[in-house]
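# Turn this into a structure:
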Amino acid sequence: MKNIILIAAIFTMLFLPFTLRSQTQNIVYVDLQRVMLESEKGKEAKKALTSEAERLKKNLDGKQEELQKMKDTIEKQGATINPDARAEKEKQYQIKLKDYQRLYNDYQGELQQKDMEFTQKIVKDLEEIIKNMGEKEKYMLILEKNQAGILYGAPAVDITNKVINLYNEAAKKKTIKK
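Okay, the predicted model is just below:
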């Protein structure tokens, strides 16, 4: 009887670390922010947003330059034109300035909307990839690094690189099928 207990104790001591290790490996986390920045689709989305922002900024710069010229003209002609004409020019300037500010706010909203659309599309794609990965690799739990409040996670349980690779592969397959 003593030998059986001793053998059981030895087996427990030998295999317990492996059992505990395999259980901790079943709880992993992914950094979705990093996936957004480092995946091919994420890079494409960022590039598209940057390009759109530059296009809108160019348009705003043109309007701002026009406003500055208008203001300079009013200041130069200020002493030489009659008060009614000056008041009319200042009124036109104020109208254009409000249009500029409204356009600026519209562009900001437009960019935020596009950013949100890109983000939602990528997150939706990732949910399916992460779900399939979880089922295939038999993870008990997959946490999102930032929203789960993970203050520390060992690199061994970080599956972000796997998710990026799977997402890039899935994006390539979709591109080939089209």
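# in the chain, what spans have low per-residue confidence?
Within the chain, the ranges that satisfy pLDDT under 70 run 1-25, 177-178.
# one more time with 90, if that's ok
Applying pLDDT under 90 to the chain flags the ranges 1-26, 74-83, 85-86, 146-154, 171-178.
# need the longest helix for it.
helix 83-136 (DSSP state H).
# which element follows it toward the C-terminus?
strand 141-144 (DSSP states H and E).
# Need the contact partners of that following strand.
26-32, 130, 133-134, 150, 159 (Cβ atoms under 8 Å, 6 or more residues apart in numbering). From N, CA and C alone the C-beta is placed, and that goes for glycine too.
# now do the same end-to-end measure for stretch 140-160.
End-to-end span of stretch 140-160 (Cα to Cα, to the nearest Å): 16 Å.
# How far away from the center of its chain is it?
Computed by Cα atoms, centre = their mean, to the nearest Å, the chain-centroid distance of stretch 140-160 equals 18 Å.
# And for stretch 111-127?
8 Å.
# buried set for that stretch?
115, 118, 122, 125-126 (16 or more other Cβ atoms under 10 Å).
# Could you export these as TSV, including distance to K89?
What follows is the buried residues of stretch 111-127, written out as TSV (distance: Cβ to Cβ, whole Å):
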residue	distance to K89
D115	39
F118	43
I122	49
D125	54
L126	55
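# For Y29, which residues count as its bridge partners?
Assessed by DSSP bridges, Y29 has beta-bridge partners L143, D158.
# which secondary structure elements does the longest helix of the chain contact?
helix 32-38, helix 40-77, strand 141-144, helix 160-177 (3 or more Cβ pairs under 8 Å, 6 or more residues apart in numbering; DSSP states H and E).
# could I get these as CSV with distance to Q101 and mean neighbour count?
Output for the helices and strands packed on helix 83-136, formatted as CSV (distance: least, Cβ to Cβ, whole Å; neighbours: other Cβ atoms under 10 Å):
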stretch, distance to Q101, mean neighbour count
helix 32-38, 31, 18
helix 40-77, 10, 13
strand 141-144, 38, 16
helix 160-177, 39, 15
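# Export the ones you listed as CSV, with columns for distance to K96.
Shown next, in CSV, are those (distance: least, Cβ to Cβ, whole Å):
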stretch, distance to K96
helix 32-38, 38
helix 40-77, 6
strand 141-144, 46
helix 160-177, 44
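# how about the ones you listed, which one is nearest R86?
helix 40-77 (6.9 Å; Cβ to Cβ).
# Hey, what's the angle from that closest one to helix 83-136? Just curious.
Per axes from the mean of the first three to the mean of the last three Cα atoms, to 10 degrees, the angle that helix 40-77 makes with helix 83-136 is 170 degrees.
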